[in-house]
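K.L.:
Let's see this in three dimensions:
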Amino acid sequence: MKNRLRVLRAEREWSQADLAERLEVSRQSVNAIETGKFDPSLPLAFKLARLFGLPIEQMFAEEEAINELASQSAASDESAL
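P.N.:
Below is the predicted model:
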């Protein structure tokens with residue numbers, strides 16, 4: 001399963017340690033989730049979605065779905081300008 005965690009974290013200029021503190025997990029856990037080596041538990045996935053203010057489907061999905069969501073998000077950002 002792919003996720004947008006690294007991008008979302010970078011947009012907020014948070015380090016992995018910053019995010020780990022907010023989630024009450026280790027920095028290594030954040031790294032493992034970002035690199036796809038570990039899928040978060042369902043409670044942690046919902047916590048991530050709440051933290052970033054996104055539906056869980058926009059956080060975690062098949063790679064094709066994430067690419068499509070990112071494209072849609074970029075298009076809506078451009079139209080807002």
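K.L.:
What distance do you get for residue 57 to residue 30?
P.N.:
Distance, residue 57 to residue 30, by CB to CB, to the nearest Å: 21 Å. Heads up, the C-betas are built off the backbone N, CA and C, glycines and all.
K.L.:
neighbour count winner among the two?
P.N.:
The neighbour comparison of residue 57 against residue 30 (other CB atoms under 10 Å) goes to residue 30, with 26 against 11.
K.L.:
show me where pLDDT drops low in this structure?
P.N.:
Residues of the chain meeting the criterion pLDDT under 70: 62-70, 73, 76-81.
K.L.:
tell me the phi and psi of the residue nearest to residue 18 when sequence neighbours are not counted?
P.N.:
Leaving out its chain neighbours, the residue that sits closest to residue 18 by CB to CB, 6 or more residues apart in numbering is residue 9, at 7.9 Å. When read as degrees, to the nearest 10, the backbone of residue 9 gives phi -70, psi -40.
K.L.:
what does residue 41 give?
P.N.:
phi -60, psi 160.
K.L.:
What count of nearby residues applies to it?
P.N.:
10.
K.L.:
likewise residue 9?
P.N.:
Neighbours of residue 9 (other CB under 10 Å): 20.
K.L.:
all helices of this structure, in order?
P.N.:
5-11, 16-23, 27-34, 42-52, 56-59, 63-80 (DSSP state H).
K.L.:
before we move on, back to that, mind listing what the residue nearest to residue 18 touches?
P.N.:
15, 16, 18, 19, 30, 34 (CB atoms under 8 Å, 6 or more residues apart in numbering).
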